[in-house]
Structure formats: C-alpha cells, structure tokens
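S.K.: Here you go, sequence then predicted model.
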Amino acid sequence: MRYKIHRGEREIGGMCIEVQSDDGSRILLDLGMPLVTPDGGDYPRDTPQRPTEALLADGILRQVPGLYPHDPTAPSITAIILTHSHLDHYGLAHHAHPAIPVYGSDGTISILEVGSVFFPDAALPSDLHRLPMDDPVKFGTLSITAIPVDHAAPDSRALLVEADGQRLLYTGDLRAHGRTGFRVKKMLKDERLRGVDWLLIEGTTLGSSSETHGLHSESDVEDRLVRLASEHRDAMIAVVASGQNVDRLVSCFRAARRTRRLLVIDPYQSFVLMKLSPLSRSIPQFDWEGVRVSFSPRQVERLKEAGLMGLVHRMGKKSRVSSDELAASPSRYLASVRGSYGMTKVFDKIGPDRIVLVWSLWRGYWEREPCAMRAWAEREGVKPRFIHSGGHAWPEDLKRLRAAISAKDTVWGHTDADVI
C-alpha cells in the first residue's frame, strides 16, 4: 500500500489524499476546497462552481489520474471517502466523475442534504453513500474503517485504511475539547490504531495553545454565555455562530435554559438540528419548550422552493417569534444569529443599547473585509465579546494522540506551522 498527499500537507484546507493498494485499487480521502489563495487572500464564493478544467489550470484542483470526467481513464478512482462536512474537505468532490461514489457519515450526508435545500446553486456529489459506524468497508483490497471523532462539524470521522499488511490512519479534523471529546480519548486506547505504518494527523493549532485562545472547552463557552446573560438582564444575548456548529447551538440552548431565557434560532438552524436529531437526543429541536424560531424571508423561500412549506407551517405554529416580540422584550432571549446585513436590521429594531453582541466564530472572520456585523458594531459603538472554542485539537492533545498511536511514520497536514 502507498499514499500520496495531493493537497493539504503545507496548508490549512484543500485536503486530498490518495491511497493505492498493491492490486491497483485507488481511493481518495477527502476532496476539499482550499481556503486561501497563493497571495493570502480569499477565493470568490463561486470558485467551487467553476468548470473543472479551469480549476485544474489554476491549480485549485490537482491532477489526479482517473478522477475527472474528461479523463479517458476515468473512473479509475474507486471511491471518495469524506471525513466531515466542511468545505475544505468536501467542497470539490462534485468535480469527480459522477460514477465515483462518495461516502460520508450519517451527519456528513445530512449536512450536504441541508446544503442542497438552502444553497441550490452549490453543486454536490451525485452518488452519496453512508459509512457504517466502526465497521470496515471494502474497495478491492483496501479496507476503510470510519472512527468517530470530536470536531465542530457534526459526526466527523477519522479513517483507518488497511491493505497489503499495512495500516494508515488519517485523522481528518479533530479535537478533544468539544462535547464529544471522549471520542478522541477512546482513540488513545484503541488497539487497532497502535503502531500504524503511517499517521496522517491534522496540525491546525501548531504554534499556539489553548491558553492563547482563552477558552479551552465547549463547556467554557456555555459558562461564559451564562455569565453574560446573568450580568445583562435587560438585554438580548446575540451569539453570532455557525448554523452547522451543533456543539455551539447546544451551548446556547443550555445557557438559555440555565438563565431562564428562550433560545432563538432561524429556519436554517432549525432544519440542521432536525436533520441531525437521529444522532443524539441532546440536540435541541425547534418544537422543544424553550426554543423559538425567528423567520428569515430568504430562508423561508428556500424551504418553499424545496417543497417544505409544511415544515415552515409547523415552525410557525409551534415556535415563531417576530422581530416585534424580540424588540418588546429582548431580555427574554438568547439568540444564535447570522453575521449578515439582514441581522443588523433586526438589531436596529431592538436597539443597539439592548444587544450584547457575542462573536462566536474564528476571530479572523471578524477582522476580514467585508464584515457586516463588525461594520454595524463600529457604527453603533457596540463592543463585541469574543467567546469561541475552536474546532481543532490543541497541540498538547495532538502530542498525546501521536504518542499513544506511536506510528512508524507521522506526517502533519492541515497546517502552515512548523511541525512538533
């Protein structure tokens, strides 16, 4: 067995790893969109939808024989296995030959299905398959076992590849400080992983530490939100967070409940939580007591176009809260919101002096241009609170994982830092 990292060894994002067995069976582990242009800027949002040939010419897609529809040898890649539902790991998989199946966990497939509703112009792989939990899947002589890990993307997986008497472990993205951090602790004791031939391990946080970021765990996020809500009893706590970060939504729900507030979410978040409900009974739902839905016209239109107006009516009948209600009694609510221009209009209605603004995303997004929420905060004199716990393992946890697995060879990926 041998492997080749087509992309992602000296950068954060754009992951694409090929593994081939001695009998010629070939698979890809992830096929993601790179995050940063060669000059350090951001790619245009529509970059993944550009023609395959143009992305290859620009070096955004890498030349992988037998992968693309125009290649006469395609499809000679047997399958693409996704670790999780972040764009830098799956965002270019739709450029593969349509006959190549794409595999992901239940949660990964569910998030991609949500994307097909709310982002209909964004292409997705056409042949999606669900990976079993912990049971191997065979592709020729290659055996793949998907191992649950903790990450900001729901239901993420590490991948153990076995063939020809050799083993390769690709961690994907993982951490030990989220609400399912016990999964990484289980990996430390998993005898299947001890002494693998190759450990391909993410290193996003190399060069920093949990102390650098201020918050170590998702529980810390919850506690900080509780403290804010308790200190500002006359204001709405508005948490700008990813609608796919289920851990953060759980933290918001728990903080709201602990401070006797109502959690406010939007239809997109409601749909995400509903699709992921089979994963855990702890994932809050729009029809739970203590949850309200603030309707976004654009999101409602997307659900209507997908034939889901019945779901919209259920949300409205059970849980709808209007902007007038938010403005009338902001202290009743803790809201998980988008950082969009439209959200600032809601804030204007409530009144900036009755908003406690929490930025619960990577701080770099706040500092980048354009940022509608930052522009609003600066104009209104609102001081943001930065409360966030990242989706990637701290260096001290990576060191423990590396030591426990004790691979014959360790290769660091998903990092632009010097390795440890």
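M.R.: Ah, there it is.
S.K.: CA atoms for contacts and neighbours, from now on please.
M.R.: OK.
S.K.: can you give me the helices for the stretch 151-300 of the chain?
M.R.: Along the stretch 151-300 of the chain, counting by DSSP state H, counting those that start in this stretch, helices occupy 182-188, 210-213, 218-231, 246-258, 267-276, 297-305.
S.K.: out of the ones you listed, which comes closest to residue 204?
M.R.: Closest approach to residue 204 among these is made by helix 210-213 (12.3 Å; CA to CA).
S.K.: per-residue confidence averaged over the closest one?
M.R.: The average pLDDT for helix 210-213 rounds to 50.
S.K.: before we move on, what about stretch 319-327?
M.R.: Rounded mean pLDDT across stretch 319-327 is 96.
S.K.: That stretch spans what distance, first to last residue?
M.R.: 17 Å (CA to CA, to the nearest Å).
S.K.: How about residues contacting that stretch?
M.R.: Stretch 319-327 has contacts (CA atoms under 8 Å, 6 or more residues apart in numbering) with 286, 287, 291, 292, 293, 294, 295, 333, 346, 349, 350, 351.
S.K.: hmm, back to that, lowest mean pLDDT across the helices of the stretch 151-300 of the chain, which one is that?
M.R.: helix 210-213 (a mean of 50).
S.K.: Return the alpha-carbon coordinates of stretch 413-420 using CSV.
M.R.: Provided in CSV are the C-alpha atoms of stretch 413-420 (Å, rounded to 0.1, in the frame of the first residue of the first chain):
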residue,chain,number,x,y,z
GLY,A,413,-1.2,18.0,7.5
HIS,A,414,-3.8,20.8,7.6
THR,A,415,-1.2,23.2,9.0
ASP,A,416,1.0,26.0,7.8
ALA,A,417,3.1,25.9,11.0
ASP,A,418,6.4,24.2,11.7
VAL,A,419,5.8,20.7,13.0
ILE,A,420,6.5,19.4,16.5
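S.K.: What residues sit buried inside it?
M.R.: 413, 414, 415, 416, 417 (16 or more other CA atoms under 10 Å).
S.K.: any idea how far the first one is from residue 205?
M.R.: Going back to what we said before, that points to residue 413. For residue 413, the distance to residue 205 (CA to CA) stands at 11 Å.
S.K.: In CSV, list the helices of the stretch 151-300 of the chain along with mean neighbour count and distance to residue 126.
M.R.: Formatted as CSV, the helices of the stretch 151-300 of the chain follow (neighbours: other CA atoms under 10 Å; distance: least, CA to CA, whole Å):
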stretch, mean neighbour count, distance to residue 126
helix 182-188, 18, 30
helix 210-213, 12, 39
helix 218-231, 19, 35
helix 246-258, 22, 25
helix 267-276, 22, 19
helix 297-305, 15, 20
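S.K.: Turn those into a markdown table, including distance to residue 46.
M.R.: Below are these laid out as a markdown table (distance: least, CA to CA, whole Å):
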| stretch | distance to residue 46 |
| --- | --- |
| helix 182-188 | 35 |
| helix 210-213 | 31 |
| helix 218-231 | 32 |
| helix 246-258 | 26 |
| helix 267-276 | 20 |
| helix 297-305 | 19 |
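S.K.: Out of the ones you listed, the one nearest residue 90 is which?
M.R.: Once the helices of the stretch 151-300 of the chain are compared by CA to CA, helix 267-276 is nearest, at 17.8 Å.
S.K.: List of residues touching that closest one?
M.R.: With contacts defined as CA under 8 Å, 6+ apart, helix 267-276 is touched by 107, 110-111, 114, 118, 243-244, 246, 283-286, 293-296, 299-300, 312, 315.
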